[in-house]
Each structure stands twice: as C-alpha cells, then as structure tokens.
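Q: whatever this is, show me its structure:
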Amino acid sequence: MLYDFILWNKTNPMPTNNHICQDKEYCMIIYSKKHRIPNYKNDYESKKKKKKTIFNYSIGKKLTGHPTEKTLYIFNQLISKYSKENDLILDCFMGSGTTTYACEQLKRKWLGYEINNEYYKIIKKRLKNIQFKFEF
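A: Presented below is the predicted three-dimensional model:
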C-alpha cells in the first residue's frame, strides 16, 4: 500500500471561543502499490505545476446545514486525480456527503459510513436529486 497526505488550509475557518482554531484538515489517500495513480503525468509540464499536497481553499458554502461541510472543489480534485471512472471510493466519515456527491458527479462507485442519524438525513436530502446506480 502507498499513501499520500493532503493538507487543507482553510482560508475562512469557523471562529471559536476558547478553543484552538481548526484552520486545517488532513486527508490520507491510500492506494495500491500495484496500480499507478491514474491521472498523474510525470512529464515536464506537470513538474512545473507540481503535484499539489496543500490546498488553500475556503470551507464549504454551508449548503447542507452540516457544521463542518467540506468544499466540493477539493474533493472533485482529489477523486479525479487518484481514481478513474468506476473505481471504488471509501468514506468512513460521510458528514454531509461531499465525497459521495463528488463520486456521483465523477462516475465513481462509493461506500460510505455515517453513524450520526442527523447527518444521515442531511446526506439523504443532499443526494435525493441524484439517480443512484445500486449494484448488489
């Protein structure tokens, strides 16, 4: 197994009272050693742009009511880079369903877990307009 760590510097973190400001999040990307990163080109042009491991981007637009909604832009970038159509993406902490939403847009299969029933309702509401393709 291989992995990459991605750092998201939030340009507009949520304010806190007496707590340390949560202005960063870490994401671990795990992929098989046998399979290359499908959308990474190792040529001069991509070296000029460099493989991004730090994203400086604002938090989500609060479209769902979830307190820590993630921005769709970053998830679209990561899923596009590290997978190809029909690959399976695992999200162990679905939250507002951003990963799932991005997977549906990008034609990826997904498996997700969310233990909070209120967040599950948010995910269900957010994804109700997407036509799901279930496989058993």
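Q: contact partners of stretch 86-96?
A: Residues from elsewhere that reach stretch 86-96, judged by Cβ atoms under 8 Å, 6 or more residues apart in numbering: 38, 60, 64-66, 68-70, 79, 83, 99-100, 103, 107-114, 119-120, 122-123, 126. Heads up, the C-betas are built off the backbone N, CA and C, glycines and all.
Q: filter those down to just the ones in strands.
A: K109, W110, L111, G112 (DSSP state E).
Q: quick one, which of the residues you listed are buried?
A: Buried by 16 or more other Cβ atoms under 10 Å: W110, G112, out of these.
Q: got the ones in strands among the contacts of stretch 86-96 as CSV, with pLDDT and distance to D23 columns?
A: Converted to CSV, the ones in strands among the contacts of stretch 86-96 look like this (pLDDT from 0 to 100; distance: Cβ to Cβ, whole Å):
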residue, pLDDT, distance to D23
K109, 95, 33
W110, 94, 28
L111, 95, 30
G112, 95, 26
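Q: which two of the ones in strands among the contacts of stretch 86-96 have the greatest separation?
A: Maximum pairwise distance in these, criterion Cβ to Cβ, is 10.9 Å, between K109 and G112.
Q: excluding chain neighbours, give the residue nearest to K70 in space.
A: Of all residues not flanking K70 in the chain, T98 sits nearest, at 4.2 Å (Cβ to Cβ, 6 or more residues apart in numbering).
Q: name the spans of the chain whose pLDDT lies under the cut-off.
A: Residues of the chain meeting the criterion pLDDT under 70: 36-52, 60, 131-136.
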